[in-house]
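Q: model this:
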Amino acid sequence: MNDRAVSLLENYDVEVLRTWKGRGAILCETNRGTLIFKEYLGSREKVHFHDALLAHIKEKSELKIESILKTKEGTLLIDDNDGTPHILKTWFEGRECNVRDMEECKMAVKTLASLHQVSDLRDTGILIDKVPFQIDKEFDKHNKELKRVRKFLKEKGQKSDFELQLMRTYDYFLNIALQVTEELRFFINELKDEPGMVCHGDYQYHNILLTGGKMSLINFEKCVIDNPVRDLYLFMRKLLEKSNWSEAVGEGLVNVYIKEREMSKADHIQLYYRLAYPEKFWKIVNFYYNSGKAWISGKNLEKLEKLINQEKEKQKFLEGYKDKYLS
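A: Residues are numbered from 1 along each chain as shown. Next comes the predicted model:
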């Protein structure tokens, strides 16, 4: 962000009192409260859907969520001199959800369920004409990359400690990835699970702010048509990793969600297989393969070893989830 970006604020009907830099954005104190000005990372077409979704949620609920401000000319985006689109949104003064506070995490899940209660847009005429996200297709892409990197590693000469450890566990995690993908695809076809709900898309602690004792939700740029457990999975996975796949943590979060919004069999199956897929392993492999390999950080090996050490507890958690919710 620079002075040129700040000058773009003149295109809005707001009085800017002062600005300061945030995380890749400019925060603005204005006569309309605190606003945030940032580059828009979604497509130009998507911003209209994004705006319609926010308006629908505000109309149907009392959830505290962001709003997009239009320019004086009525547009949702404004381009800088390089043609990069920017967006001006409302902002909430507050702090991020504390992932070490289980009560706050439960409040975040309850808020998520309330969001999903009003984000089914199939009968509203708002839904964009695009194919819903297909998690099995996403897993297929990950699996192809995993196979490609395994071939690269096998053909590589001298290997680092990280690469040797990676090779020792590679087939185990790859086989799980392939099996999970095929089983999930079977159930999707069998249950004819057609996602029609709009998910936040990036439901993580830094997009959940505690303001005045309530949760405020921001950064809907990654909103996507998918099964609603997409958001629940994303929030749960990190907490489960931090708690060494505690059954009490997982069950506590799921039960809070269910109290607000009933989960169908298809929802439980989707959540189970999304948790079962070795996404953390894929992320470690992806980061390794797409970064410089001349020097490999020791943190890579630490992350891999932590993943391996937690695998037994993860499988125990998955068995418990299957017995409780899928039997």
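Q: dump the residue contacts of N286.
A: Counting by Cβ atoms under 8 Å, 6 or more residues apart in numbering, N286 touches E145. Bear in mind the C-beta positions are built from the backbone N, C-alpha and C, glycine included.
Q: Which helix or strand contains the most centrally placed residue in the chain?
A: Closest residue to the average C-alpha location of the chain: D202 at 2.8 Å, with Cα atoms, centre = their mean. Assessed by DSSP states H and E, D202 sits outside every helix and strand.
Q: so what's it closest to, chain neighbours aside?
A: Closest residue to D202 in three dimensions, ignoring its sequence neighbours and counting by Cβ to Cβ, 6 or more residues apart in numbering: K222, at 4.4 Å.
Q: Same question for T111.
A: Spatially, and ignoring its direct neighbours in sequence, T111 is nearest to M215 (4.2 Å; Cβ to Cβ, 6+ apart).
Q: And for that neighbour, the neighbour number?
A: When counting by other Cβ atoms under 10 Å, one arrives at 24 neighbours for M215.
Q: For whichever helix or strand it is part of, name the packing helices and strands.
A: Under the criterion of DSSP H and E, M215 resides in strand 214-217. Using 3 or more Cβ pairs under 8 Å, 6 or more residues apart in numbering; DSSP states H and E as the contact criterion, the secondary-structure elements in contact with strand 214-217 are strand 64-65, helix 102-117, strand 208-211.
Q: Of those, which is nearest V254?
A: helix 102-117 (8.3 Å; Cβ to Cβ).
Q: what's next to the closest one, contact-wise?
A: Residues outside helix 102-117 that contact it (Cβ under 8 Å, 6+ apart) are 57, 61, 63, 97-99, 197, 199-200, 203, 205, 208, 210, 215, 217, 228, 231-232, 235, 239, 249, 252-253, 256-261.
Q: ok, the closest residue to N143 other than its chain neighbours - contacts?
A: Computed as Cβ to Cβ, 6+ apart, the closest residue to N143 that is not its neighbour in sequence is A177, at 5.4 Å. Shown here is A177, whose contacts under the criterion Cβ under 8 Å, 6+ apart are 139, 142-143, 146, 277-278, 281-282.
Q: Could you point out which of the helices and strands packed on strand 214-217 sits nearest D171?
A: Shortest distance between D171 and these, using Cβ to Cβ, is found for helix 102-117: 34.8 Å.
Q: what's the residue nearest to D202 in contact with, if anything?
A: Residues in contact with K222, defined by Cβ under 8 Å, 6+ apart, are 42, 200-202.
Q: Mind putting these into TSV with pLDDT and distance to P85?
A: Below are the contacts of K222 laid out as TSV (pLDDT from 0 to 100; distance: Cβ to Cβ, whole Å):
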residue	pLDDT	distance to P85
G42	82	9
H200	96	21
G201	94	18
D202	96	18
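Q: After the helix ranked longest in the chain, which helix or strand is next? Please name it.
A: Among all segments of the chain classified by DSSP state H, the helix with the greatest residue count is helix 161-191. Note on helix 161-191: by DSSP H and E, the next helix or strand toward the C-terminus is strand 197-199.
Q: Run through who's touching that following strand.
A: Counting by Cβ under 8 Å, 6+ apart, residues outside strand 197-199 touching it are 53, 116, 119-121, 127, 223-228, 230-231.
Q: okay if I get those residues as TSV plus neighbour count and secondary structure?
A: TSV is the format used below for these (neighbours: other Cβ atoms under 10 Å; DSSP: H, G, I helix; E, B strand; the rest coil):
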residue	neighbour count	secondary structure
L53	23	helix
H116	22	helix
S119	23	coil
D120	14	strand
L121	19	coil
L127	18	coil
C223	20	coil
V224	18	strand
I225	22	strand
D226	20	strand
N227	26	coil
P228	27	coil
R230	23	helix
D231	26	helix
